[in-house]
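Visitor: build the 3D model from these lines:
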Amino acid sequence: MKAGRLRRGAAIGAAACLLVAGSVLAVPAIAVPLTDEIVWSENFTSQPTDANNVASSLGDFGYTAGDTWQAGQGNCNGWVLNYNSSSPGDGCDSGGGVDANGTTRTGMWFAQRMATVLGIMQGLTGVDGGTDSPTTNSAVVALTNGGTTNPQTAGFQFEASGLVPAVPGHYYSVLANFTQVHCPGDPGSTAAWTTASETVYLVVDGVAQPAAGDGTLAGGVSICSDPQSTTMTPADGLGGVTDWGGMVFHDLTLVSNPVLATTNDPIGLQIFNAQSDFRGNDLAFDNLRIIDVTDAMPPPAPNPSLLLAQAADPSTVTSTADVVQYQFTITNTGNVPISEVGIYEASPSEGNTSTGTLSTIRCQQTTLAAGESTTCTAAYTPSNADIGAGGWSNVAMAMGLTDGATSPTVSNVSTLQVGVTSGGQGGGGGQDGTGDGSGSQSGDQSGGQSGGQSGGQSDGTGGQGGGSADQTGSQSAQSGASVGQGGVSNDQDGASSQDSSFHVWIDTGGVLAPQPASDGQIEWKAGTPLGFLDRRRRLD
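Guide: Have a look, this model is predicted:
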């Protein structure tokens with residue numbers, strides 16, 4: 001197991017084409033970096049397979065495979081070997097099928113040549129026995145030689161975990177070289193020959209995510225027929241191999257879809273073959289790489305979005321003397337900065353039932369980077385009508401501008417409920433100021449005005465009415481109501497409004513440009529013509 005550059009400095013080969021093989025996801029095309037961005041690689045040379053020509057199991061490398069795909073199951077699967085390796089047995093010495101000339105060969109004969117072809121795919125061109133010879137290349141082979149005695153099953157041909165820590169926010173892709181023989185339609189083929197169906201999973205954020213293929217027989221990557229597969233029919237003597245048997249090798253350098261990491265959990269890699277037929281389905285793979293492709297990804301499409309939540313302190317009042325502190329929390333839930341951030345207070349026709357006095361809404365900051373939040377505050381003094389109604393609703397939205405925009409980004413509609421807990425109307429005082437102190441009105445949901453109002457001019461005492469109200473608490477709600485006569489609908493996820501009926505107006509001439517101000521406070525108000533919005537600075 002190695003991290004770093006490609007093996008022996010070899011290029012990826014023409015078969016890659018820098019395209020996603022077997023793609024089942026709609027992803028942007030990327031130009032995959034092939035050198036310094038490799039964060040993990042495995043070329044299966046850390047065991048003495050090359051030097052001593054001894055076949056090693058995947059387990060010798062610290063990797064695992066599914067039951068019928070691992071070494072020792074009698075299927076000639078899960079072995080790492082090269083052209084010069086001696087047979088490990090395990091079903092490799094039994095009939096592996098016929099070559100293109102109709103000659104019956106052992107499974108080991110095909111395994112040795114597939115490993116050599118994978119060396120040729122990596123650019124190894126030396127003569128047999130040399131350090132740059134494709135016959136020294138080691139690969140994982142799978143000959144599915146169990147037949148009906150030890151039938152093959154679909155399963156994982158390769159599993160590795162904890163390979164390298166991920167970087168949150170980075171994208172990762174897999175590169176791997178595959179080759180297969182005995183594909184349907186090859187010389188000497190029968191109707192029973194099948195193609196492998198591969199799915200490559202990247203384990204990111206602790207979850208195995210399909211990066212190429214979808215895990216099904218029909219949706220996996222076909223080594224035989226994938227659009228990016230190429231064929232090779234080596235001439236006898238190529239790479240030092242005297243007898244190639246006229247075989248056709250189907251070669252694929254698989255480049256997977258990019259997968260986004262959101263945590264630093266270590267990355268894992270899995271290769272799954274959904275083909276369970278032992279006829280055909282003979283393949284080998286090598287040169288596995290995990291690549292950080294973040295720098296090659298196209299920038300995401302701008303997606304401005306704001307989310308607004310409200311809170312009130314206190315959440316219930318008893319009289320017009322109780323001043324309520326509003327808190328507005330605005331979060332930039334999009335992926336671009338938003339400036340001119342402020343609060344738009346809805347009108348009565350838009351569901352706002354408050355009739356008291358609201359101070360200037362002041363925000364800690366008016367420009368938000370993606371993911372950033374700010375808090376705005378204001379003081380609200382309720383009116384007699386608010387108290388008499390038993391409470392009120394404050395309906396608001398957050399708004400702001402992205403770079404170059406002439407219409408605002410509009411948040412969800414946030415509705416805040418403030419309740420009233422109050423007694424009945426206080427008893428009136430007599431001329432002597434004594435008052436009878438009796439409540440003239442029982443406290444129901446609408447409440448009465450606070451008792452104890454001045455009962456007379458002498459001693460100012462008065463009765464205090466009793467009662468309670470059942471409307472309590474402060475509730476911040478998000479609704480999908482249509483807001484304003486401009487007709488912008490805002491849903492609960494805080495998606496930005498793109499409705500053309502909203503415009504930013506600075507002055508009566510409709511000049512669409514920022515307006516400087518001394519304190520940076522912004523108030524979004526209903527403007528002229530009716531149904532448009534006017535962005536104005538509050539300087540008070």
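Visitor: so which helix or strand of this structure has the lowest pLDDT on average?
Guide: strand 504-505 (a mean of 28; mean pLDDT, DSSP states H and E).
Visitor: what packs against the helix or strand where residue 173 lies?
Guide: Assigning secondary structure by DSSP states H and E places residue 173 in strand 171-181. Contacts defined by 3 or more C-beta pairs under 8 Å, 6 or more residues apart in numbering; DSSP states H and E place strand 171-181 against helix 107-121, strand 197-204, strand 207-212, strand 249-255, strand 259-260, strand 266-273, strand 282-292. For glycine as for every other residue, the C-beta is placed from the backbone atoms N, C-alpha and C.
Visitor: got the domain ranges for this structure?
Guide: In terms of domains, the chain is parsed into 7-296, 306-421+469-498 (source: automatic domain parsing).
Visitor: worst average pLDDT in these?
Guide: Looking at the domains of the chain, the lowest mean pLDDT belongs to domain 306-421+469-498 (a mean of 82).
Visitor: let me know the secondary structure of residue 68.
Guide: helix (DSSP: H, G, I helix; E, B strand; the rest coil).
Visitor: list the contacts of the residue nearest to it when sequence neighbours are not counted.
Guide: For residue 68, ignoring the flanking residues on the chain, the nearest one in space by C-beta to C-beta, 6 or more residues apart in numbering is residue 153 at 4.8 Å. Residue 153 sits next to 66-68, 276 when contact means C-beta atoms under 8 Å, 6 or more residues apart in numbering.
Visitor: hmm, back to that, can you list the strands that the strand holding residue 173 pairs with?
Guide: strand 249-255 (antiparallel), strand 259-260 (antiparallel), strand 282-292 (antiparallel) (DSSP bridges).
Visitor: now stretch 288-306: buried residues?
Guide: Residues of stretch 288-306 classed as buried by neighbour count (16 or more other C-beta atoms under 10 Å): 288-294, 296-297, 304-306.
Visitor: from the residues you listed, which is closest to residue 164?
Guide: Ranked by distance to residue 164 (C-beta to C-beta), the buried residues of stretch 288-306 are led by residue 290 at 6.8 Å.
Visitor: tell me the contacts of the closest one?
Guide: 38-41, 163-164, 172-174, 202, 267, 269.
Visitor: how about a cut-off of 7 Å?
Guide: 39-40, 163-164, 172, 174, 267, 269 (C-beta atoms under 7 Å, 6 or more residues apart in numbering).
Visitor: how close does it get to residue 200?
Guide: 10 Å (C-beta to C-beta, to the nearest Å).
Visitor: try residue 47
Guide: 23 Å.
Visitor: neighbour-wise, which of those two wins?
Guide: Taking other C-beta atoms under 10 Å, residue 47 and residue 200 do not tie; residue 200 has more neighbours (29 against 16).
Visitor: helix/strand/coil for residue 132?
Guide: Secondary structure assignment for residue 132 (three-state DSSP): coil.
Visitor: nearest spatial neighbour of it, skipping sequence neighbours?
Guide: residue 126 (3.5 Å).
Visitor: between the two ends of stretch 297-311, how far is it?
Guide: 40 Å (C-alpha to C-alpha, to the nearest Å).
Visitor: for the residue nearest to residue 68, give its distance to residue 66.
Guide: Taking C-beta to C-beta, one finds residue 153 at 7 Å from residue 66.
Visitor: for residue 306, same thing?
Guide: From residue 306 to residue 66 the distance is 48 Å (C-beta to C-beta).
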